[in-house]
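>>> this is the structure alone, sequence omitted:
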């Protein structure tokens, strides 16, 4: 059986809810839904572009800790609280994935855990 590696950011909610920021089993890495939160505070309130960039940098760190890189990403799932922000969110996503071009989905949701959170992203990667 493949080793199960859990990647944690140390967020207290990880143990309360029972999840990991990312998990690697064999060559597959799954990164949990990630929002623009640092030290318990939402960053870039009101700015979907800046939140998306912050989230992708945070995800990049988790992916690297799992032994991968952004070029290994095969799918992204983007949840936004206002679909009219799709261009700002898409611009930031494109800055990370323009040449990688993973399969991607963006959907509008009625809300996230904190109303200041405008974007949540999860992704899948396969490490060669």
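Yep, it's here. All of these numbers come straight from a predicted model, not from anything done at the bench.
>>> residue 99: neighbouring residues, count only.
Residue 99 sits with 8 neighbouring residues when counted by other Cβ atoms under 10 Å. C-beta: built from backbone N, CA, C; applies to glycine.
>>> helix/strand/coil for it?
coil (DSSP: H, G, I helix; E, B strand; the rest coil).
>>> ok, it to residue 25 distance?
As judged by Cβ to Cβ, to the nearest Å, residue 99 and residue 25 stand 27 Å apart.
>>> show me where this protein has its helices.
12-13, 48-65, 86-97 (DSSP state H).
>>> what about the strands in this structure?
For the chain, the strands defined by DSSP state E occupy 4-7, 22-25, 28-34, 37-38, 41-42, 73-80, 103-108, 119-126.
>>> I figured residue 72 was touching residue 64, is that so?
No - counting by Cβ atoms under 8 Å, residue 72 does not reach residue 64; the two are 10.1 Å apart.
>>> between those two, which one's more packed in?
For residue 72 and residue 64, the more surrounded residue by other Cβ under 10 Å is residue 72, and the numbers stand at 20 against 13.
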